[in-house]
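Asker: got a structure for you, letters missing:
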């Protein structure tokens, strides 16, 4: 299943709602997501894949509340439907891609998911 590029503002609204609903914490999170997106888009190839792997690993560790290595399997680390949804929404906000939840199961480690997201960004049409 292929991820599609989505409007950056739409991705943020999925995770954060409207500014009236969000508050300062969500505003900080949106700013961090935007900074990570710019960092990803500023590079290509192996460097983009490395950055995405780091982001996937750190965000998965936060969602799953456990230590995650590059080769940790998300399901074996406690991923369930709610945490999969949370991780997917976070990655949508950061990458600007429309990522199906099944991508986390089909690419079950930070290394595999980071590589998949890098390939999707490389193939995404420029908005």
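Answerer: Received, thanks. Everything quoted here is computed from the prediction, not taken from an experiment.
Asker: what's the weakest-modelled helix or strand in the protein?
Answerer: Of all helical and strand segments in the chain, the minimum by mean pLDDT, DSSP states H and E falls on helix 8-16, at a mean of 37.
Asker: Residue 91: what's it in contact with?
Answerer: For residue 91, the contact set (Cβ atoms under 8 Å, 6 or more residues apart in numbering) comprises 55-56, 59, 97, 99, 117. (Glycine included, C-beta is placed from N, CA and C.)
Asker: Among those, which one has the most neighbours?
Answerer: When neighbours are counted by other Cβ atoms under 10 Å, residue 56 leads these with 28 neighbours.
Asker: Specify the local secondary structure of that one.
Answerer: helix (DSSP: H, G, I helix; E, B strand; the rest coil).
Asker: in terms of contact, does it touch residue 115 like I think?
Answerer: No. Between residue 56 and residue 115 there is no contact under Cβ atoms under 8 Å: 9.8 Å.
Asker: just to confirm, which helix or strand has the residue nearest the centre of the chain in it?
Answerer: Nearest to the geometric centre of the chain sits residue 91, at 1.6 Å (Cα atoms, centre = their mean). Secondary structure from DSSP states H and E places residue 91 in helix 81-95.
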